[in-house]
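1. From the sequence below, what's the structure:
(4 chains)
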Number of protein chains: 2
Amino acid sequence: MKSFIETIRSIEVESPVDKIIGQLKQLITSGQLQPGDRLPAERILAEKFGVGRSYVREAILKLEFYGLLRTNPQSGTYVSGLSIKVLDNIITDIIKFNKEDFNALLEARYYLELDAVKLAAERRTAQDLVNLKEAMIDYENKINSNQDAIEEDMLFHIAIARATKNSVIESMILILIPDLIKNIVESKICGDNRGKLAIAEHRNILTAIENQDIDAAENAVAAHLNDMFQISKAGFSAQNIINDN
Amino acid sequence: MKSFIETIRSIEVESPVDKIIGQLKQLITSGQLQPGDRLPAERILAEKFGVGRSYVREAILKLEFYGLLRTNPQSGTYVSGLSIKVLDNIITDIIKFNKEDFNALLEARYYLELDAVKLAAERRTAQDLVNLKEAMIDYENKINSNQDAIEEDMLFHIAIARATKNSVIESMILILIPDLIKNIVESKICGDNRGKLAIAEHRNILTAIENQDIDAAENAVAAHLNDMFQISKAGFSAQNIINDN
DNA sequence: TACCAATTATTGGTTAACCAAATATAGAGA
DNA sequence: TCTCTATATTTGGTTAACCAATAATTGGTA
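-> Numbering: from 1, shown residues only, chains lettered A, B, ... in the order given. Coordinates of the predicted model:
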């Protein structure tokens, strides 16, 4: 009896929303709707598709999650660029959701940046090295004159992300880092001399990337991010103790 | 004048929807709402939050999109355990026009999943092992009876992501994997016997996670994803040759 | 003819009412 | 006391009407 029931396939009832999404996606990917174009009004679409407006709205909402569409209130719904940037919306959402889960954000950043620096060491171009060096020196100047160097620090890390030549990883880091650094500074996790210590660490990272020494690059970043990594690790351990009870 | 305009931050108007999402997410991550629990009815939530029901619906839709909730019509909205959206593979459909970005996505998935499995091996609970084993066996049954096993494959990988206990990494994988796997299968990048090969690979991954052998787990996933990794790697190499000219 | 202000029409946003399916309840019968 | 059935209630789904912001139109003025 069981073997028979196993063979029954679940009936795929394609909901009206999925049908609308499919058609809109088709219109966009086929080029009939270009980025910047305005979609017909929701009421018109509903009539054309022969469904209620709420279905159309739901479909549009979902496509907005992906960043495929952008809605301007009282004006219309527009096709936005269909590049890798569609992921940006999703990444932003994920980070927004997990704003409260600081440990998870720290940890994700740690591992992402380790991945990134390995790729950067492998693929960095001469231009990347110039950019990295520039960002590094800007940072050092600010620190040495006792100025705030948050932005410069960020730019150095972003320069690493750029050098990966991986647009997805770059986007993830680009979105994640500013959010994190803001939090780190506000919560004063780092002591006052952290900035000075970071100078040498940045130099180590750059040297390893320049030499295309992947292992050294990974170790250098791991050392640089170690403080934060320990915080997140401690957080997760605490979590586990709670769960084990 | 420009420097002045630069300092203006975009005003973060937290929409009612974002507030609701934040609160619901908190309830879930804090454990006050466990997987399988039913949320209060939409009308009740709307009243509690002091907003219209449509806002609540929109928030639920988004959380459903990110795999945190599951809605059963006329029954209620539940906190989701392992689940996937079988929605159209929108991300890959959009970016497959740009080969470079597609490779970047493959590569990002590769590194993300390596990170994930390391964390999973470290932190997996007994329940995680049960979930993983169940997902693995479901997959094997489907493959051995020559059935389509895309969904089961996805669920195995998502079970790994869940075992990381890192909601940021989990969310990213939850969004990327179904989209990618569906696309890979549909485009027949892999041969017909790929499914059978994957059985042994899945077993290796599970064993390593069970033994909390982090290195073995990483290697097992690397072996499992090697085909795709080679594709992305080849893409990046080709890119470099172009750049070097 | 060119420009501007007032008006009109159209847009997405929002609400409230209604629907059918799922569930909980109550009561009859064994 | 237990089980089953009929009923009532609750649920998410759906519709239609209304709202305010925007865009288009119109008419008048310089």
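
2. okay, now whatever residue of chain A ends up closest to DNA strand C: neighbour count?
-> Using CB to the nearest atom of the strand, residue A:41 is the residue of chain A that sits closest to DNA strand C, at 3.3 Å. Where you see a C-beta, it was placed from the backbone N, CA and C, and this is true even at glycine. Applying other CB atoms under 10 Å in any protein chain shown, we find 13 residues neighbouring residue A:41.

3. quick one: pLDDT of the closest residue to it other than its chain neighbours?
-> Nearest residue to residue A:41 in three dimensions, chain neighbours excluded: residue A:76, at 7.1 Å (CB to CB, 6 or more residues apart in numbering or on different chains). Looking at residue A:76, its pLDDT is 95.

4. got a list of what residue A:76 touches?
-> Residue A:76 makes contact with A:38, A:39, A:41, according to CB atoms under 8 Å, 6 or more residues apart in numbering or on different chains.

5. Can I get these in TSV including distance to residue B:156?
-> Listed next are these as TSV, based on distance: CB to CB, whole Å:
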residue	distance to residue B:156
A:38	42
A:39	38
A:41	44
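
6. Grab the nearest non-local neighbour of residue A:80.
-> residue A:70 (4.6 Å).

7. Would you confirm that the one you found contacts residue A:77?
-> Yes: in this structure, residue A:70 is within contact of residue A:77 by CB atoms under 8 Å, at 7.2 Å.

8. Pick out whichever of these two has more residues nearby.
-> Higher neighbour count among residue A:70 and residue A:77: residue A:77, with 22 against 17, using other CB under 10 Å.

9. And the top helix by length along chain A, what does it pack against?
-> Counting by DSSP state H, the longest helix found in chain A is helix A:102-123. On a contact count with 3 or more CB pairs under 8 Å, 6 or more residues apart in numbering or on different chains; DSSP states H and E, helix A:102-123 meets helix A:150-163, helix A:167-186, helix A:194-210, helix A:214-224, helix A:226-244, helix B:99-123, helix B:167-186.

10. Could you check the angle the fifth one makes with helix A:214-224?
-> Interaxial angle, helix A:226-244 versus helix A:214-224 (axes from the mean of the first three to the mean of the last three CA atoms, to 10 degrees): 70 degrees.

11. Need the residues that contact helix A:226-244.
-> A:102-104, A:106-107, A:109-110, A:184, A:189-190, A:194, A:222, B:123, B:125, B:165-166.

12. can I assume residue A:77 is in contact with residue A:42?
-> Yes: shown here, residue A:77 and residue A:42 form a contact pair, counting by CB under 8 Å, at 7.4 Å.

13. Give me the common contacts of these two.
-> Common contact partners of residue A:77 and residue A:42 (CB under 8 Å, 6+ apart): residue A:60.

14. For the most centrally placed residue in chain A, which residues are in contact?
-> Nearest to the geometric centre of chain A sits residue A:172, at 2.3 Å (CA atoms, centre = their mean). Applying CB under 8 Å, 6+ apart to residue A:172 gives the contacts A:91, A:112, B:108, B:172.

15. Could you report the pLDDT at it?
-> At residue A:172, pLDDT is 97.

16. Could you do the one 4 residues further on as well?
-> We have a pLDDT of 95 for residue A:176.

17. just checking, it touches residue A:110?
-> No: counting by CB under 8 Å, residue A:176 sits too far from residue A:110 to count as a contact (10.5 Å).

18. quick one: which of the two has more around it?
-> Higher neighbour count among residue A:176 and residue A:110: residue A:176, with 23 against 19, using other CB under 10 Å.

19. Chain B versus the more buried one, what's the distance?
-> Per CB to the nearest CB, to the nearest Å, residue A:176 is found 8 Å from chain B.

20. Going C-terminal from the helix or strand of chain A with the lowest mean pLDDT, what's the next secondary structure element?
-> Among the helices and strands of chain A, helix A:2-6 carries the lowest confidence by mean pLDDT, DSSP states H and E, at a mean of 43. Following helix A:2-6 in sequence order, the next helix or strand is helix A:16-29 (DSSP states H and E).

21. Mind giving me the packing neighbours of the helix or strand just after that next one?
-> Next in sequence after helix A:16-29, counting helices and strands by DSSP H and E, comes helix A:42-49. For helix A:42-49, the contact count by 3+ CB pairs under 8 Å, 6+ apart identifies helix A:16-29, helix A:53-65 as packing neighbours.

22. Contacts made by the first one with the rest, please.
-> For helix A:16-29, the surrounding residues in contact (CB under 8 Å, 6+ apart) are A:33, A:39, A:45, A:49, A:51, A:55-56, A:58-60, A:62-63, A:68-69, A:79, A:82, B:87-88, B:90, B:93-94, B:97.

23. That helix to helix A:53-65, inter-axis angle?
-> Helix A:16-29 and helix A:53-65 are oriented at 50 degrees to each other (the same axes, to 10 degrees).

24. what angle do helix A:16-29 and helix A:42-49 make?
-> Using the same axes, to 10 degrees: helix A:16-29 against helix A:42-49 is 100 degrees.

25. Tell me the buried residues in helix A:16-29?
-> A:16, A:17, A:18, A:20, A:21, A:24, A:25, A:28, A:29 (16 or more other CB atoms under 10 Å in any protein chain shown).

26. Using PDB, list the CA coordinates for that helix.
-> This file holds the C-alpha atoms of helix A:16-29, laid out as PDB (Å, rounded to 0.1, in the frame of the first residue of the first chain):
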ATOM      1  CA  PRO A  16      -2.900  33.000 -10.100                       C
ATOM      2  CA  VAL A  17       0.000  34.900  -8.500                       C
ATOM      3  CA  ASP A  18       2.600  32.500  -9.900                       C
ATOM      4  CA  LYS A  19       1.100  32.700 -13.300                       C
ATOM      5  CA  ILE A  20       1.200  36.500 -13.200                       C
ATOM      6  CA  ILE A  21       4.800  36.400 -12.000                       C
ATOM      7  CA  GLY A  22       5.700  34.000 -14.700                       C
ATOM      8  CA  GLN A  23       4.200  36.300 -17.400                       C
ATOM      9  CA  LEU A  24       5.700  39.500 -16.000                       C
ATOM     10  CA  LYS A  25       9.100  37.800 -15.700                       C
ATOM     11  CA  GLN A  26       8.800  36.600 -19.300                       C
ATOM     12  CA  LEU A  27       8.000  40.100 -20.500                       C
ATOM     13  CA  ILE A  28      11.000  41.500 -18.700                       C
ATOM     14  CA  THR A  29      13.500  38.800 -19.600                       C
END
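
27. Could you see whether DNA strand C lies near it?
-> No: if you take CB under 7 Å from any atom of the strand as the test, helix A:16-29 misses DNA strand C, and the best it gets is 12.4 Å.
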